[in-house]
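Asks: Quick one: sequence plus predicted model below, questions after.
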2 protein chains.
Amino acid sequence: MEDSLVTVETGFIDGMGQLADYWGYNKVVGWIYGLLYLQDGSLSLESVAAELQVSKGNISINVREAERLGMVKKVWKKGDRKDYYEAEPNLWQVIRRITRERQKKEFDFAMETIKTGLDGLELLESNTQQVRFARKRLNQMSSFLKSTNAIISGLLSLETLKGAAVQACPVRSRLPGRTSD
Amino acid sequence: MEDSLVTVETGFIDGMGQLADYWGYNKVVGWIYGLLYLQDGSLSLESVAAELQVSKGNISINVREAERLGMVKKVWKKGDRKDYYEAEPNLWQVIRRITRERQKKEFDFAMETIKTGLDGLELLESNTQQVRFARKRLNQMSSFLKSTNAIISGLLSLETLKGAAVQACPVRSRLPGRTSD
DNA sequence: TCTAATGTTTAGTACTTTTAAAACACTCTA
DNA sequence: TAGAGTGTTTTAAAAGTACTAAACATTAGA
């Protein structure tokens, strides 16, 4: 029976790994989160390494990444030299932080690329159909990015995630109150 | 001067490649989209390969992926055996399709993982604190996923992207009418 | 049916990423 | 200050991915 709980946990942890991988992070980041998410309390770096059967060097690197992403927190235990970690249980917090980071990076990068392009086009003395077309396209992409950025920033600025708030927007009276967690 | 337009285009195309890479797709998919997005008309597979200086085998594979993602469309020219491609100019359409695919895949996968876990826990005859805790956590994640899924589905079901609709939601009177494109 | 034009698939190479193991560094206690 | 217990960094190898060139397949016209 104890064995079966481990089986279930392993399946879940592996799933988290696949999701992390899908989001472009190391699968071990997902494993760590999955393991800690199911833990009622914290685990030391060594225990995490042992549980996941991964070298402690690997855990050292990936737990730091998980921390940076706001997925896990370091916990101090007085009189103990080990580092303990526990999962951030609020999933909206986790997703929000990760998405925000990506959002910012991508938006800034894309805008920079477009701005550089438009500036370059401005400097051309020629004004061929080609040049005018390129300018038009860059401007279209620029305003699209500004719109989506505003939308996503709006979503991410919500402190709490209320179930299906966006969908309910045109029918505000029907807003379902809250979501557990 | 013609030379400078090429420089600008190259910068933009490369930027699209980096974004594609960031989203977990092959950078060449981004290059292809970038090249075609700046093109007033269509290009043949061979021209694309020549412009991007990439083997046609590579373009063959990645243009198919770009097509699958709704980023480019094949254009038929009668009396011409070549395949021509052009970019989907509506960026909202592109993002929507890509996001939808990811959303669906990830959501279904995560829900499946959780359901399998909960079913496994159900079968355990033991009911330790550990088991109850795992059950609680899986349920929390499940309802979180359902909420976010509803929100994202709602967003993606919009036919047109109106600038900053979400942010403006609490102040509907200030909704900026439309976005170009 | 032969040839030329085009797109697709394959096989091997090159490149990139991930990993474990080991060396290293730090800190606390005796 | 020696030694044990921890976490971090480095390094070399393994695993995975992407790319080109070439072989292959398909089609259309001569």
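Replies: Sure thing, it's come through. Just so you know, these numbers come straight off a predicted model, no measurement behind them.

Asks: the strands in chain A, which residues?
Replies: According to DSSP state E, chain A carries its strands in the segments A:43-44, A:72-75, A:84-87.

Asks: Now tabulate the ones you listed in TSV and tack on mean pLDDT.
Replies: Converted to TSV, the strands of chain A look like this (pLDDT from 0 to 100):
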stretch	mean pLDDT
strand A:43-44	97
strand A:72-75	96
strand A:84-87	98
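
Asks: Next, format the ones you listed as CSV and append mean neighbour count and distance to A:Val8.
Replies: To be clear about C-beta, it is placed using only N, CA and C from the backbone, and glycine gets the same treatment. Below are the strands of chain A laid out as CSV (neighbours: other C-beta atoms under 10 Å in any protein chain shown; distance: least, C-beta to C-beta, whole Å):
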stretch, mean neighbour count, distance to A:Val8
strand A:43-44, 19, 18
strand A:72-75, 17, 21
strand A:84-87, 20, 17
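
Asks: Dump these into a markdown table; add distance to B:Phe144 as well.
Replies: Compiled in a markdown table, those are given as follows (distance: least, C-beta to C-beta, whole Å):
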| stretch | distance to B:Phe144 |
| --- | --- |
| strand A:43-44 | 22 |
| strand A:72-75 | 17 |
| strand A:84-87 | 13 |
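
Asks: So for DNA strand D, which of the ones you listed sits nearest?
Replies: Nearest to DNA strand D among those is strand A:43-44; the distance by C-beta to the nearest atom of the strand comes to 5.2 Å.

Asks: List the strands paired with that closest one, with their directions.
Replies: With DSSP bridges as the test, strand A:43-44 is paired with strand A:84-87 (antiparallel).

Asks: ok, residues contacting the partner strand?
Replies: Identification of contacts with strand A:84-87 by C-beta atoms under 8 Å, 6 or more residues apart in numbering or on different chains yields A:32-33, A:36-37, A:39, A:41-45, A:48, A:63, A:66-67, A:71-77.

Asks: what's the spacing between the residue in chain A positioned nearest to DNA strand D and B:Asp21?
Replies: Closest approach between chain A and DNA strand D, counting by C-beta to the nearest atom of the strand: A:Gly57, at 2.6 Å. With distances taken as C-beta to C-beta, to the nearest Å, A:Gly57 is found 27 Å from B:Asp21.

Asks: now swap in A:Lys104 and tell me
Replies: With C-beta to C-beta as the criterion, A:Lys104 and B:Asp21 are 17 Å apart.

Asks: With A:Arg132 instead?
Replies: Between A:Arg132 and B:Asp21 the distance is 30 Å, computed by C-beta to C-beta.

Asks: Looking at the two, which one has more neighbours?
Replies: When A:Arg132 and B:Asp21 are compared for neighbours, B:Asp21 comes out ahead with 15 against 12, by other C-beta atoms under 10 Å in any protein chain shown.

Asks: Skipping adjacent residues, who's closest to that one in space?
Replies: B:Lys27 (4.6 Å; C-beta to C-beta, 6 or more residues apart in numbering or on different chains).

Asks: And for that neighbour, the neighbour number?
Replies: B:Lys27 sits with 16 neighbouring residues when counted by other C-beta under 10 Å.

Asks: And the longest helix along chain A, what does it pack against?
Replies: For chain A, the helix with the greatest residue count under DSSP state H is helix A:91-123. For helix A:91-123, the elements it packs on are helix A:129-157, helix B:2-22, helix B:129-157, judged by 3 or more C-beta pairs under 8 Å, 6 or more residues apart in numbering or on different chains; DSSP states H and E.

Asks: could you give me the average pLDDT of the first one?
Replies: Within the predicted structure, the mean pLDDT of helix A:129-157 is 96.

Asks: Let me know the angle separating that helix from helix B:129-157.
Replies: Relative orientation of helix A:129-157 and helix B:129-157, computed by axes from the mean of the first three to the mean of the last three C-alpha atoms, to 10 degrees: 140 degrees.

Asks: what's the residue nearest to B:Asp21 in contact with, if anything?
Replies: So B:Lys27 contacts B:Gly17, B:Gln18, B:Ala20, B:Asp21 (C-beta under 8 Å, 6+ apart).

Asks: Up against DNA strand C, what does chain A have?
Replies: A:Asn26, A:Lys27, A:Val28, A:Gln53, A:Val54, A:Ser55, A:Lys56, A:Gly57, A:Asn58, A:Asn62, A:Gly79, A:Arg81 (C-beta under 7 Å from any atom of the strand).

Asks: Could you measure from A:Gly17 over to B:Thr113?
Replies: Applying C-beta to C-beta, the value for A:Gly17 to B:Thr113 is 10 Å.

Asks: Can you name the residue of chain A nearest DNA strand C?
Replies: A:Gly57 (2.9 Å).

Asks: Domain ranges for chain A, per the record?
Replies: Here the domain assignment for chain A is A:2-89, A:92-174, based on automatic domain parsing.

Asks: can I get the ones you listed in JSON lines with distance to B:Gln140?
Replies: As requested, those are exported to JSON lines (distance: least, C-beta to C-beta, whole Å):
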{"stretch": "domain A:2-89", "distance to B:Gln140": "7"}
{"stretch": "domain A:92-174", "distance to B:Gln140": "11"}
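
Asks: Most tightly packed of these?
Replies: Greatest average neighbour count among the domains of chain A goes to domain A:2-89 (a mean of 17), per mean count of other C-beta atoms under 10 Å in any protein chain shown.

Asks: Report the distance from it to the chain centre.
Replies: From the chain centre to the centre of domain A:2-89 is a distance of 16 Å (C-alpha atoms, centre = their mean, to the nearest Å).
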